[in-house]
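Asks: Could you look at this predicted model? Sequence included:
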Amino acid sequence: MAPPGSAHPAFGLGALTIAGGIVGYVRKGSKPSLGAGILCGGLLIGSGVMISGDSQYSGHSLAAATSGLMTLGMGHRFFKTGKFMPAGLVSALGAVSLAYHFKKVLEWKE
């Protein structure tokens, strides 16, 4: 059975985040990029699994919290360096994900 549509953004951003962490490590030797990419990506993929199961509220809450942390952390870095890649892009994607999953949290709260 395919996962519900609302889980796809979590799976997609999770995979993209892990891939970005790996690329950051391979290109620049950045262990923090690798660790953060795997941690945040893993949490997002885990939230997608929760959304696909019987824990939609908890899954969307976890995805919103993870996306919020990504937005704050990379947004701070973006404003500090002024470089869109990768900080601005990750911050923007995190903000969109935060808005989407927060909307879903409010829907499933009832």
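Replies: Good, I have the coordinates. Numbers count the residues shown, from 1 in each chain.
Asks: gap between Y100 and F79?
Replies: Noted for Y100: a distance of 23 Å to F79, by Cβ to Cβ, to the nearest Å. No exception for glycine: its C-beta is placed from N, CA and C like everyone else's.
Asks: Please say which of the two ends up with more neighbours.
Replies: Y100 (18 against 11; other Cβ atoms under 10 Å).
Asks: Tell me the buried residues in whatever helix or strand T17 lives in?
Replies: Assigned by DSSP states H and E, T17 belongs to helix 8-28. Neighbour-count burial for helix 8-28 flags 9-11, 13-14, 16-18, 20-21, 24-25 (criterion: 16 or more other Cβ atoms under 10 Å).
Asks: What of stretch 44-57?
Replies: 44-48, 50-52, 56-57.
Asks: need those in a markdown table with distance to A65 and pLDDT, can you?
Replies: A markdown table is the format used below for those (distance: Cβ to Cβ, whole Å; pLDDT from 0 to 100):
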| residue | distance to A65 | pLDDT |
| --- | --- | --- |
| L44 | 10 | 98 |
| I45 | 14 | 98 |
| G46 | 12 | 97 |
| S47 | 9 | 97 |
| G48 | 14 | 96 |
| M50 | 12 | 96 |
| I51 | 14 | 95 |
| S52 | 18 | 94 |
| Q56 | 15 | 93 |
| Y57 | 13 | 95 |
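Asks: biggest separation within those, which pair?
Replies: I45 and Y57 (17.8 Å; Cβ to Cβ).
Asks: Perfect, that will be all.
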